[in-house]
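Asks: Quick check, what structure comes out for this input:
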Amino acid sequence: MLAGTLLAGCAGVGGAGAGGGPLVPLATFGGADAVRLGLRYPTEAAGNLSAVFAYDARSRRIVALDPFRSEAEVVKVPDLVPVTDLWYTGSETLYLAEPTRSRVRRIDRRGRVERVYSAPAELPRPVAVAVEGAGRRVWVADGAFARIGRFDALGMLLETRELPPGAAPTALALDGQGRLLVLDGRRGAVLRAGPDGGWETVLGPGRVPDPVAFAALPGGWLAVAGRDGALHLAEQEPGRRRLPVPALTGVRDLWFSGMVLVAARPLEGEVVLLQWRGP
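Replies: Okay, the predicted model is just below:
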């Protein structure tokens, strides 16, 4: 059973953000049995805290968490293989990156497959996905060739864009202006797609030690989780300011929506929601 609790402060969350900083704890999902779920890859937290979707890596299933229900709802997906990323459009649609099958699948809220985005020759190992709007553009990061592909709403591959030499894409995000951001896990940097087909560095290597996950926040800020599980708030370059954050540990994935930052803590069996109030 997964208990969802709305809190003024979350258990295990303290520090600068807990009393009125830029990030304020709102809610936590977890309980005595939750540690067995190993929750990863949260995909959406609506502004009214209606639901959080997550990939349960241990039992290989998609679950929907609701703070007002005592049990997690399982989204039954046919032929589900290991998922490395999810994206929720907010219109009852989920996108699943399944690199072992060279595909991204779009499913509805009940797990029914609506469309498959696949181009094995160009994108053999899709490790991350980002979706613009209700699916007008679907961006896919390929871990084999270190490139980004763009599909249209019908699943046709329209273009591929090579990343800088030595880059290794591990996560995608869209900023407030709809621009694509890529986490380069190998170099520890965040890149932004430029209008000319090139890439701009908005978080340079070394600013966050060994980043494994990130989310784009309003005002040019990034929430970044390091390999040690610590949470960081860093301004996109050329700005280089940092902000204090709650003492949150064990973070392995991040998602931002509706002024709410969602942090997955799989070792603790928790998903934590924090409200973004800005610097």
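
Asks: Residue 256 sits in which helix or strand?
Replies: strand 253-257 (DSSP states H and E).

Asks: who does that strand pair up with?
Replies: With DSSP bridges as the test, strand 253-257 is paired with strand 260-265 (antiparallel).

Asks: Beta-bridge partners for the closest residue to residue 243 other than its chain neighbours, please?
Replies: Closest residue to residue 243 apart from its sequence neighbours, by Cβ to Cβ, 6 or more residues apart in numbering: residue 233 at 4.0 Å. Backbone N, C-alpha and C define where each C-beta goes, glycine included. Using DSSP bridges, the beta-bridge partners of residue 233 come out as residue 223, residue 243.

Asks: contacting residues for residue 233?
Replies: Counting by Cβ atoms under 8 Å, 6 or more residues apart in numbering, residue 233 makes contact with 22, 23, 217, 221, 222, 223, 224, 242, 243, 244, 245.

Asks: how close does the fifth one sit to residue 277?
Replies: So the one you mean is residue 222. Per Cβ to Cβ, to the nearest Å, residue 222 is found 16 Å from residue 277.

Asks: Just want to know which of the two has more residues nearby.
Replies: Higher neighbour count among residue 222 and residue 277: residue 222, with 25 against 12, using other Cβ atoms under 10 Å.

Asks: Show the pLDDT at that one.
Replies: pLDDT for residue 222: 96.

Asks: cool, the one 10 residues further on as well?
Replies: Reading off the confidence values, residue 232 has pLDDT 94.

Asks: Please look at it and residue 221 and confirm they touch.
Replies: No. If you go by Cβ atoms under 8 Å, residue 232 and residue 221 don't touch, sitting 10.4 Å apart.

Asks: So between the two, which is more surrounded?
Replies: Per other Cβ under 10 Å, whichever of residue 232 and residue 221 has more neighbours is residue 221, with 23 against 19.

Asks: can you pull the contacts of the more buried one?
Replies: Contacts of residue 221 by Cβ under 8 Å, 6+ apart are 233, 234, 235, 236, 243, 279.

Asks: how about a cut-off of 6 Å?
Replies: 233, 235 (Cβ atoms under 6 Å, 6 or more residues apart in numbering).

Asks: same thing with residue 174?
Replies: Contact analysis of residue 174 by Cβ under 6 Å, 6+ apart lists residue 130.
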